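S.K.: task: produce atomic coordinates for the following.
(4 chains, ligands or ions: 4)
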Amino acid sequence: MPEMTYAAAIRSAIEWEMEHDPRVFIMGEDIGVYGGAFGITLGLVEKFGKDRVRDTPIAEEGIVGAGIGSALVGMKPIVEMQFSDFIVNAMDQVVNQAAKIHFMFGGRMTVPLVIRGPAGAGTGAAAQHSQSLEAWFHHIPGLKVVMPAFPDDARGLLLSAIRDPNPVIFFEHKLLYKTVGEVPDSYEGIPLGSGVIRRHGSHATIITYSLMVHRTLEAAERLAAKGWDLEVIDLRSLVPMDIDLVVESVKRTGRLVVCHEAVGRGGVGGEIAARVMESEAFDYLDAPLLRITGLNTPVPYSPPLEEAFMPSVDRIAQTLETWLECEVVTQ
Amino acid sequence: MPEMTYAAAIRSAIEWEMEHDPRVFIMGEDIGVYGGAFGITLGLVEKFGKDRVRDTPIAEEGIVGAGIGSALVGMKPIVEMQFSDFIVNAMDQVVNQAAKIHFMFGGRMTVPLVIRGPAGAGTGAAAQHSQSLEAWFHHIPGLKVVMPAFPDDARGLLLSAIRDPNPVIFFEHKLLYKTVGEVPDSYEGIPLGSGVIRRHGSHATIITYSLMVHRTLEAAERLAAKGWDLEVIDLRSLVPMDIDLVVESVKRTGRLVVCHEAVGRGGVGGEIAARVMESEAFDYLDAPLLRITGLNTPVPYSPPLEEAFMPSVDRIAQTLETWLECEVVTQ
Amino acid sequence: MNRATEQAISKDATLEEAIRWFRTMLTIRRFDETIDELFASGKVHGTTHLYIGEEAVATGIIGALDSGDVITSTHRGHGHNIALGGDVRAMMAELLGRETGYCRGYGGSMHIADQSLGNLGANGIVGGGLPIAVGAALGFVMQKQPKVVVAFSGDGALNEGAFHEAANLAAIWRLPVVFVVENNLYGMSGSVKEMFAIGHLAERASGYGIPATMVDGNDVFSVWEAGSQAVQVARSGGGPTLIEAMTYRYKGHSKSDANRYRSREEIRDWRKRDPITHLEQHLSSHGVDHTMLNEIRDEVVQVIADALKYAEESPWPNPEILEDSVYTREDKTGA
Amino acid sequence: MNRATEQAISKDATLEEAIRWFRTMLTIRRFDETIDELFASGKVHGTTHLYIGEEAVATGIIGALDSGDVITSTHRGHGHNIALGGDVRAMMAELLGRETGYCRGYGGSMHIADQSLGNLGANGIVGGGLPIAVGAALGFVMQKQPKVVVAFSGDGALNEGAFHEAANLAAIWRLPVVFVVENNLYGMSGSVKEMFAIGHLAERASGYGIPATMVDGNDVFSVWEAGSQAVQVARSGGGPTLIEAMTYRYKGHSKSDANRYRSREEIRDWRKRDPITHLEQHLSSHGVDHTMLNEIRDEVVQVIADALKYAEESPWPNPEILEDSVYTREDKTGA
Ligand SMILES: Cc1ncc(C[n+]2csc(CCOP(=O)(O)OP(=O)(O)O)c2C)c(N)n1
Ligand SMILES: Cc1ncc(C[n+]2csc(CCOP(=O)(O)OP(=O)(O)O)c2C)c(N)n1
Ligand SMILES: [Mg+2]
Ligand SMILES: [Mg+2]
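M.R.: Numbers count the residues shown, from 1 in each chain, chains lettered A, B, ... in the order given. Ligands and ions are numbered 1, 2, ... in the order given. Just a heads-up that it's a prediction; the model follows:
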């Protein structure tokens, strides 16, 4: 299998769909000759032209709305948010329009729209360019939410997102763009809604997604050296969420940990915990929940502050270790 | 103590603060002679003039931003969203500006701003005029979130919100505006962050807020007739949240229920469940979590559909009963 | 909506067309009067925004469209859908929240759409439809279809950021969009005089490089002429136009409105310039028989009464399937 | 910032003022050149937007303000803060993420504010500061303080809905706001030619009823004159003005920019019209001694070098207090 970066995998999904479906096009700020702030669309305008790789003014609400309108007349738009934070400027179109159109109009219309862009901290971009806002979107019925951690998933899930007849929010992580991984030659797409057990273990189940999959796996390896055997699940998509996989795992391990970069309070961790707690896995729970998340602050700029904000491998490993020692030994 | 409606209580808090603090003013769409879509500001323009009761164009982002700017130079603005759904149009100013200014600029500036407006379903206003979006705001560090259920709280908490040096989201419930209750003559304000046990009980703790406090209490009464003894906690504010009160209660009852009108998936219920599950109350939990919430759909228009969307007294009582029968009897 | 050529009654409009418009305008009025009564008697829940007094705008503009063209509509949208030839039974059923409604009762007054006729949807969010209209036009251009999009909005909507971003996109990409601003002098209560610092809303268009015209929105012929011209420009690749149609709503903004922000005199004066009366006089003066007009009136009354009956007899939707109605498994965009 | 009266060098500007401006512009340039080097050598993380080439705009506009007036700034904001008399040590420390920085390291390049000097804050969100500027002006009017607000923005920002809503509010309430559009021909890569369908951005102002002027943004005197006039109008209750200042950024948009969207020739041509060189020539031609100018240059180099040293020697902020820094218990609005 060929190796490629997460960024290249995303590009290849866009390219493939644009080649094979004339309805697909992409628009966004500086995605043409500039190639996008993170280079995702580099080369696409040369290949497909300015019509289908459409540079837009700085007008997020306008371009998401334009995406919706084009979808309603038969196109399959991909709208890039230069930083996913800027979707905050387009919330009416995302939430009151795209998410609700199918339902609100009684099922007559669909909005096959992908809104994609980089999320997350770690690049020193500070409070307005580093957010992880997936919790908002997973709260809005009508949207799907996808957050891949690996190049193969980035491609496979984006292919499915573009083909999906519903609006999909696709958040990439800035720090993953250069991650290299094997990507199968297939363009079949990976169905949205299936999680993956990235590591099998018996002492606890850690639910995570996006960048934190990598950090959690590394922390789990470190703890393995100390005798801890951890299961790590990569959700890949938050809506739909593979809750069965989570519940089954917690039934086996008896302990639930959630790790995400987003601010803890009101993050997706709460939803995951609640769903486990209302499932049959509840009776198997041997330890209180552990959430390892971003701090309850905006993302700060200075390197030591930003590092403190995000769960690091160190923080994950240490938090897990303390918790495991307390919960597994003392029971 | 005088009786007044929830609407009048809100008006009286605004009026009091405007009388006693020249920095306080209110702006919003149609809040002048029209008196606001729900009549909250009726009479205020006659009393304080068009300068301090300021009718604005239909431009939510602009007026929230104008509120922020005025706050930065020493005013204490209250900005009304005609329906709280329209805050979706102002998200950048709310989330990227107001919430972050204090932190992002290193603590030098503060934004004493109240954004208030009617939330919730039940009036046949359909998907774009009936949302309960508090989960979004409680996920954003820097914002406080208040949702009163009774006239006295509406007044007392709004007074505190206006006096608070931080930005506060104050969501009223449309169906509560006409609720009558005793309101003490004091204008001291009720500190944000303290919940209230509205009903003491031993079988389970139900955490709720806003309209659902009323419905939950009614359901609890019905179940009391059948021998069930339920504790009902009204959070009153979600940020800060009186989590100690919740944890202590769950330690006593051993069972946790959350009831809110907002869409269940990603709602505040998840956060509450997670916080209990990671607290010392975990060891006291005798039953899986029960969430009684809005359906995972946009709010539908037709009366039977809208009724199905929102937790009704019937649904709450029935759901509780089934759960109690299963969890309390079988253990 | 193809225009016959004989018997021109006003510039290029034919008598036949004018009579059709008369029927349309009466249908809109009768429909909204009926809705008004239903609300007044508490038979419908929610809220509604009536188009009474503004009928000539939707009628004239949509009269200028070809089949295949599309519109985006607003909270005050009943007239747009009726002018498109919408099914008043499905509209009435929607307002009554029935399964047979346009949206199966999911949407109500503010969310009527009929994609098959080209109505991409009313919108409860002021300005919310404008970027969508622009996107539809973009889609048509990309598909090389010579179709035109009409984006209806109120005057108040022009102060929303959504209008701004939509207008600029339409301008720079020269999209086939006609922005039709129904200037009824007020938002909910905010008057154009206080909410704008320009004399005519049409002036705002120049800031985007969009040509604009102002028309008497109570004269269906003027509206139709301005619409036809703008549509022709759009269809031939000339880009967007903004039409400011001066009109007035007779009723309150929505069901609860004490009309404290405008005077009785103003309302009375505007009622004297009623668009339906105006058209009727025009038709009479061009020799159309009163009996015929009265027949139309009676027919319309009957059609709306039938629609109401149909709606009232229709079943309520089933709440059980709500959660299955949020996502679709089908691609309805027609690939 | 009070203007001396003797020795007019250009219309009403005095020689003394012009020399001060020269120092300001050099300080801005040297500061940003230093930042550029720090990024190039990987010593600073995050991103930054340099003001090199645009110095005359901030300098001229802010030269027209009185103390007590305020500004809102942008992602490209270093120049604004320096022109206000900002502390370059605290700025440098902020960019290096130190505790002694303007924001204690919480903000970085895009979030410098100095409320005591009247800088209500740079902004990472394009257009995000514009409604805030309008609100500050509203606050001043309500407090009956004759203060003026300058809202800086780029050209690209004018297509954001936030600009639209802010401009209209300022217009209808006749607020003392001066919108200063730094038209450097590009957003990040999107050119004004492609992103606007109007010849001059100043035309957009007319859609709100806001008067506008266009100036050579590389000529500090023109900028200052236009600024002074607009500020005077604003202060005397005449409402907002939009000033379009034509300028150019020499460097890439941010730290990662391959400059694929503009030509070398264009960059070279603009460099020939350098605002600092232009001012220097003007000063020379008015008899200012070269030695003096060189002394200023040396001083500025030293000031920035000191600032860098100060910043590098400053402590890192303490992560422990992060979660306590989100809310304040204090009312800092001065009641
Ligand atoms: C974003 C948003 N803000 C406010 C409202 C509430 N609202 C509904 S209609 C309306 C007035 C709209 O005025 P205009 O655009 O002139 O249309 P008209 O009602 O006069 O036809 C307002 C304020 C809304 N629905 N959406
Ligand atoms: C809402 C938003 N959209 C996009 C961006 C990314 N971005 C930052 S600066 C910039 C270009 C701004 O152009 P302009 O307003 O002309 O200012 P300039 O950089 O030229 O000074 C863009 C697209 C942003 N920061 N905020
Ligand atoms: Mg209107
Ligand atoms: Mg620019």
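S.K.: would you pull up the residue in chain C closest to ligand 4?
M.R.: With C-beta to the ion, the shortest gap between chain C and ligand 4 falls at C:N168, namely 15.2 Å. Quick note: C-beta positions are derived from backbone N, CA and C, even for glycine.
S.K.: so, low pLDDT: which residues of the stretch 201-335 of chain C?
M.R.: For the stretch 201-335 of chain C, the stretches flagged by pLDDT under 70 are C:333-335.
S.K.: and the spatially closest residue to C:R329 that is not a sequence neighbour, how close does it get to D:S284?
M.R.: Distances taken as C-beta to C-beta, 6 or more residues apart in numbering or on different chains put A:P165 closest to C:R329, at 7.2 Å, once the chain neighbours are dropped. Note on A:P165: its distance to D:S284, by C-beta to C-beta, to the nearest Å, is 69 Å.
S.K.: now do the strands in the chain.
M.R.: The chain I'm using is chain A. Applying DSSP state E to chain A gives strands spanning A:3-5, A:24-28, A:53-55, A:76-80, A:114-119, A:144-146, A:168-173, A:180-182, A:196-199, A:204-208, A:230-234, A:237-239, A:256-263, A:290-294.
S.K.: could you do chain C instead?
M.R.: C:8-10, C:13-14, C:70-72, C:149-154, C:177-183, C:212-216, C:241-246.
S.K.: B:I63: which of those is closest?
M.R.: strand C:149-154 (17.8 Å; C-beta to C-beta).
S.K.: for the closest one, packing partners?
M.R.: helix C:55-63, strand C:70-72, helix C:129-142, strand C:177-183, helix C:220-235 (3 or more C-beta pairs under 8 Å, 6 or more residues apart in numbering or on different chains; DSSP states H and E).
S.K.: get me the contact residues on chain A for chain D.
M.R.: Residues of chain A lying near chain D by C-beta under 8 Å from any C-beta of the partner chain: A:29-30, A:32-35, A:37, A:55-62, A:82, A:85-86, A:89, A:123-129, A:295-298, A:300-305, A:307-309.
S.K.: my error: substitute chain C in the last question.
M.R.: Checking chain C against chain D by C-beta under 8 Å from any C-beta, the hits are C:159-165, C:168, C:171-172, C:174, C:194-198, C:203-210.
S.K.: now with 7 Å?
M.R.: C:159, C:161-162, C:164-165, C:168, C:171-172, C:194-198, C:203-204, C:206-209 (C-beta under 7 Å from any C-beta of the partner chain).
S.K.: so C:N168 touches C:Y208, yeah?
M.R.: Yes - applying C-beta atoms under 7 Å, one finds C:N168 in contact with C:Y208, separated by 5.3 Å.
S.K.: what pLDDT is listed against the nearest residue to A:E321 once chain neighbours are set aside?
M.R.: With C-beta to C-beta, 6+ apart as the criterion, A:E321 has its nearest non-adjacent residue at 6.2 Å, and that residue is A:L223. Listed pLDDT for A:L223 reads 98.
S.K.: wait, what's in contact with A:L223?
M.R.: A:230, A:317, A:320-321 (C-beta atoms under 7 Å, 6 or more residues apart in numbering or on different chains).
S.K.: hmm, which of these are the buried ones?
M.R.: A:230, A:317, A:320 (16 or more other C-beta atoms under 10 Å in any protein chain shown).
S.K.: from the residues you listed, which is closest to ligand 2?
M.R.: Nearest to ligand 2 among those, counting by C-beta to the nearest ligand atom, is A:A317 at 34.8 Å.
S.K.: which residues touch the closest one?
M.R.: Counted by C-beta under 7 Å, 6+ apart, A:A317 has contacts A:219, A:222-223.
S.K.: how about the helices in the stretch 151-300 of chain C?
M.R.: Secondary structure of the stretch 151-300 of chain C (DSSP state H, counting those that start in this stretch): helices at C:161-172, C:192-195, C:202-206, C:220-235, C:264-271, C:275-285, C:290-313.
S.K.: deepest-packed of these, please.
M.R.: helix C:161-172 (a mean of 30; mean count of other C-beta atoms under 10 Å in any protein chain shown).
S.K.: run the chain-centre distance for that helix.
M.R.: 20 Å (C-alpha atoms, centre = their mean, to the nearest Å).
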